[in-house]
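**Q** predicted model follows, preceded by the sequence.
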Amino acid sequence: MILNGVMLTIALSFVAIALGLVLATLMSALRSLAGSWAGYIVDAYVELMRNTPFLVQLFMIFFGLPQIGIRMNGLEASMLAMTLNLAAYATEIIRAGVDSIHKSQIEAGLALAMSRRQVFQYVVLQPAFARVWPALSSQFVLMMLASSICSFVSVQELSGTAAIIEQDTFRSFETYIIVTVIYLVLALSLKLFLNWLGRRIFPQVSGLARVTEAHGEAA
């Protein structure tokens, strides 16, 4: 039973991370390539999601949307809520990376007759991702931990499974000690995986970081 909860937590987290990252990338592109009206819409969405509790967002999707004819089960609502919430935070993190790209690099791309879309894709986006990957990784880990809130809409992920076991056995201390250890292992494992993935996807940046660290230690 615990194993099923762990697997559902992992599945929910990976799907939300993948979809949330795609959505955040699209909104970052929209903000950069479209007019100011698109920037206002993206900014409004980001502020709305970042300044309201995740639990309220989840309840709005699960309990509120059926009022206008959109019905989802707990798993679908959880996946949508996690994706939308993560996309808002990831959009803001990616924006910081995009803003860090020097204007001269963009002007050099335009001087080579690249379109604005090509400049954003090849000159801006990849270096921006490389610079903010550690911050994105931390956000992904936080989203995995936040999946525990999905138990409020009857999703039997790890926390939901623990609640059922605690009700059946009345062994609250043992149950939640085990769950705490499992969450710790999951968070550390995800962090190690994302660090490894970052070194594979952005090897030049990782190498530069190691050189910087080495100079820092020597100093």
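**A** Now that the structure is in, tell me what you want to look at.
**Q** hmm, Ile165 is touching Gln156, no?
**A** No - taking contacts as Cβ atoms under 8 Å, Ile165 lies outside contact range of Gln156: 10.5 Å. For every residue, glycine as well, the C-beta is placed using N, CA and C.
**Q** average pLDDT for stretch 114-129?
**A** Mean pLDDT, stretch 114-129: 83.
**Q** swap in stretch 43-51?
**A** Stretch 43-51 carries an average pLDDT of 94.
**Q** do the same with stretch 56-65
**A** 95.
**Q** what does stretch 160-173 give?
**A** Mean predicted lDDT for stretch 160-173 stands at 89.
**Q** so how far is that stretch off the chain centroid?
**A** 29 Å (Cα atoms, centre = their mean, to the nearest Å).
**Q** what do you get for stretch 123-135?
**A** 14 Å.
**Q** now do stretch 174-194
**A** Between the centre of stretch 174-194 and the centre of its chain there are 18 Å (Cα atoms, centre = their mean).
**Q** now stretch 150-162: buried residues?
**A** For stretch 150-162, a neighbour-count test (16 or more other Cβ atoms under 10 Å) marks 150-151, 153, 155-162 as buried.
**Q** what sits up against it?
**A** Applying Cβ atoms under 8 Å, 6 or more residues apart in numbering, the external contacts of stretch 150-162 come out as 1-2, 4-6, 8-9, 12, 55, 58-59, 62, 74-75, 77-78, 81-82, 147-148, 163-164, 175-176, 178-179, 182-183.
**Q** endpoints of that stretch, how far apart?
**A** Taking Cα to Cα, to the nearest Å, stretch 150-162 runs 13 Å from one end to the other.
**Q** packing partners for the helix or strand containing Ile41?
**A** Applying DSSP states H and E as the criterion places Ile41 in helix 36-50. Applying 3 or more Cβ pairs under 8 Å, 6 or more residues apart in numbering; DSSP states H and E, one finds that helix 36-50 makes contact with helix 2-33, helix 74-99.
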